[in-house]
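Peer 1: I'll drop the sequence and a predicted model, then ask my questions.
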Amino acid sequence: MLRANLKNAISEAIRNKFGDIAIPEFSVEIPENPEHGDYATNAALILAHTLKQSPMEIVALLSVELEAKNPELRKIEVVPPGFINFILSDKELLARIEGVLQNPDEWGKSKDGQGKTVMVEYLQLNIAKRPHVGHLRSAVIGDAIKRTLDSQGYHAVSDTHVGDWGTQFGILLWAYKQADKDTKKKIEEDPFSQLEVLYQTANKDENANEFGKAEFAKLEKGDTENRKIWQWMVEISMEKLEESASRLGLLSFDEHKGESSYENDMPAIVTLTLEKGVAKKTEEGAVIVDLENEGLDQAILVKSDGASTYLLRDLATIKYRKEHWNFWKNLYLVDVRQSHHFKQVFRVAELLRFEGVNESEHVEYGFMSLPTGAISTRAGNIISLEAVCDEAIHRAREVIKEKNPDLENANVVAHKVGIGALKYFDLSHNRRSDIIFKWDEALSFEGNTGPYIQYTYARLKSILRKTTDQDVEHSVSNTIGLDSLEHRLVAAGLRLGETIEDALEDFMPNILANYLYNLAKLANEFYHSHPVLQESDPAKKQFRLSLISLVALTLAKGLSLLGIDAPEEM
RNA sequence: GCGCCUAUAGCUCAAUGGAUAGAGCGCAGGCCUCCGAAGCCUGAAAUUGGGGUUCGAAUCCUCAUAGGCGCGCCA
């Protein structure tokens, strides 16, 4: 990797010039302004403090040393107040293109994560509740993280952590049991949507919570009738879950462990908290951990009716995952609104000295709302995931009809483009930002969108399809000179690995998404101004073909890490 | 009341403490005998306000103002 090599070279130059000093953290970054080179470092500015010398003096010494030892750099510039800018040699860039194209399957892959298991929990659908646009974020970000981890050699294990337990489910049980014959018949005919109606109607009853809690307590204690109904409802909902996941093209889940699957592990944890004095029993019989003086309020593990809370179930989940998978990291893709909850979970687990707490992380994301306000089933302010997917595909199909009416497999492509737009919309935003979902923006196919990148890929592939055998040689001449745009495009295309590394650092898929957009933009600029097939100089033509192969490959790889398909034609 | 988060162009969003704050949409204009116009090119337009730290602040600290969210024996 270019950046890593540079970083090492700089460290070495520092040691050669200044002896065996503790080298402070410095950065090697990609300057925004292309005139500042392919890479730049602030090493001298940082060193100025430790060495108590002026940055410009340090820079002068370092640049000479770097220039002498690194022939792959065409030019090193020293710029006040103390930056060093690096420009790579064309020869080096050409050699690297060739390296990538000789082994395209390996492009973007690494073994950084070998031997490390990462749990990734996302999607978290609830029983008898229709998935809606709000579920997109968890699903799409989680899926992208899993794909990216896999590509770097990690063993990523995904789990939906289905919401199949708790008072909400009790409410459903209560409503179902007192439903009349007609209602039950309707439910039998179309179980999933009718159960949703049932749940929503039940919630309007002010007694719902009270009766729901009672039914849940019965369920948890093993009541035969409740168990039977529960089992049936879970099955129906799981089918729906699978359907939504496959519609979105998510990777299949490694585990579908619902909250209910931890019920047998919970009593032992309760006993442990009481024995260790971490929790106490209230007069009413609830089990709570008092975290008031840490600013975390009270954590309730068991309610006074003896039923469990999801906090207790989450504790059991950490324990299970650590014991069963021995994870290196344990990630929860959950809305930022639950950060208080996760702080409680992790704190209680810490007090219990659970293993894996420090490796567990709430990878929070901003919540999505609609222009009309927060997404709320109760207020009817909701857009189902199904409707969004349908609309996305429909709009893509319309655009194809208009722009490329003869396209074969138009329906398949419409699916890829529509879903691609939807996913990219989500993934291109900073994970922590709240998002307002607007149809026209989420399903736009122009500008900074998934289809723009897909389109760029299709254009590049279209050029490559038109090449004849005699255009294709096996090696790129390493003597030709590149112009500024060519140089930038190669350098950008070669940065895939570095970008993946950055994106994984803090689990931010938008870093990858933005990189792909910028690369596609540069590629567009390139093929609008540089003829490829019409280029008369054979060496140049050959180079440009290699260049667009590299870029096309990089775009396709990058998109695939985001879970977006790149059609060859669209 | 206590806690967390946010404030960037008309709108929606970018920007590991770095150099001239980037895009898209919208707006004003230009480019299809020329590898696909879902495209390209040009233009106008922004860091909520005050202090501080730093060689350097949209970014860190602090105060103010305005929003959002959480604090339930819901998940």
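Peer 2: Nice, I can see it. Residues are numbered from 1 along each chain as shown, chains lettered A, B, ... in the order given.

Peer 1: next, the residue in the stretch 301-450 of chain A that RNA strand B sits nearest to: phi, psi?
Peer 2: Of the residues in the stretch 301-450 of chain A, the one nearest RNA strand B is A:Gly447, at a distance of 2.1 Å by Cβ to the nearest atom of the strand. The C-beta positions use only the backbone N, C-alpha and C, and glycine is treated the same way. When quoted as degrees, to the nearest 10, the phi and psi of A:Gly447 stand at phi 80, psi -150.

Peer 1: tell me which residue lies nearest the centroid of chain A.
Peer 2: If you average the C-alpha coordinates of chain A and look for the closest C-alpha using Cα atoms, centre = their mean, you land on A:Ile141, 3.2 Å from that point.

Peer 1: near RNA strand B, anything from the helix-or-strand element of chain A with minimal mean pLDDT?
Peer 2: Of all the helices and strands that make up chain A, the one with the lowest confidence by mean pLDDT, DSSP states H and E is strand A:373-374; it has a mean of 81. Yes: if you take Cβ under 7 Å from any atom of the strand as the test, strand A:373-374 does meet RNA strand B, through A:Ala374.

Peer 1: partner strands of that strand and their direction?
Peer 2: Its sheet considered, strand A:373-374 pairs with strand A:368-370 (antiparallel) by DSSP bridges.

Peer 1: identify each buried residue in the strand it pairs with, please.
Peer 2: Applying a neighbour-count criterion of 16 or more other Cβ atoms under 10 Å, the buried positions in strand A:368-370 are A:Met368, A:Ser369, A:Leu370.

Peer 1: you'd agree the last one is up against A:Asn381?
Peer 2: I take that to be A:Leu370. Yes: contact status for A:Leu370 versus A:Asn381: in contact at 5.9 Å, counting by Cβ atoms under 8 Å.

Peer 1: pull the number of nearby residues for the residue in the stretch 151-300 of chain A that RNA strand B sits nearest to.
Peer 2: Residue of the stretch 151-300 of chain A nearest RNA strand B, by Cβ to the nearest atom of the strand: A:Gly166 (2.8 Å). Other residues near A:Gly166 number 22, with proximity taken as other Cβ atoms under 10 Å.

Peer 1: ok, it - contacts?
Peer 2: Contact criterion Cβ atoms under 8 Å, 6 or more residues apart in numbering gives A:Phe216, A:Glu259, A:Ser308, A:Thr309, A:Tyr310 as the residues in contact with A:Gly166.

Peer 1: can you pull the pLDDT of it?
Peer 2: Confidence per residue is given as pLDDT, and for A:Gly166 that number is 88.

Peer 1: where does the residue lying closest to A:Gly37 once chain neighbours are set aside land in three-state SS?
Peer 2: Closest residue to A:Gly37 apart from its sequence neighbours, by Cβ to Cβ, 6 or more residues apart in numbering: A:Asn85 at 3.5 Å. For A:Asn85, the reduced secondary structure class is strand; criterion used: DSSP: H, G, I helix; E, B strand; the rest coil.

Peer 1: A:Asn85 is in contact with A:Asn33, isn't it?
Peer 2: No: with contact defined as Cβ under 8 Å, A:Asn85 does not count as touching A:Asn33 (9.8 Å).

Peer 1: who's more crowded, these two?
Peer 2: The residue with more neighbours, out of A:Asn85 and A:Asn33, is A:Asn85; 19 against 8, by other Cβ under 10 Å.

Peer 1: that one bridge partners, please.
Peer 2: A:Ala40, A:Glu77.

Peer 1: tell me who's in contact with it.
Peer 2: When the contact criterion is Cβ under 8 Å, 6+ apart, the partners of A:Asn85 are A:Pro31, A:His36, A:Gly37, A:Tyr39, A:Ala40, A:Ile76, A:Glu77, A:Val78, A:Val79.

Peer 1: and the gap between it and A:Val78?
Peer 2: 8 Å (Cβ to Cβ, to the nearest Å).

Peer 1: same check on A:Ile393?
Peer 2: Here the distance between A:Ile393 and A:Val78 works out to 54 Å (Cβ to Cβ).

Peer 1: those two - which one has more neighbours?
Peer 2: Each of A:Ile393 and A:Val78 had its neighbours counted (other Cβ under 10 Å), and the higher figure belongs to A:Ile393 (21 against 16).

Peer 1: returning to what we had before: backbone phi and psi for the residue of the stretch 151-300 of chain A closest to RNA strand B, please?
Peer 2: Backbone torsions for A:Gly166, taken as degrees, to the nearest 10, come to phi 100, psi 180.

Peer 1: and it, how far is that from A:Ile269?
Peer 2: Applying Cβ to Cβ, the value for A:Gly166 to A:Ile269 is 16 Å.

Peer 1: again with A:Lys221
Peer 2: As judged by Cβ to Cβ, A:Lys221 and A:Ile269 stand 17 Å apart.

Peer 1: you'd agree A:Leu61 is up against A:Asn16?
Peer 2: No: applying Cβ under 8 Å, one finds A:Leu61 not in contact with A:Asn16, separated by 9.4 Å.

Peer 1: common neighbours of these two, please.
Peer 2: Between them, A:Leu61 and A:Asn16 share no contacting residue, judged by Cβ under 8 Å, 6+ apart.
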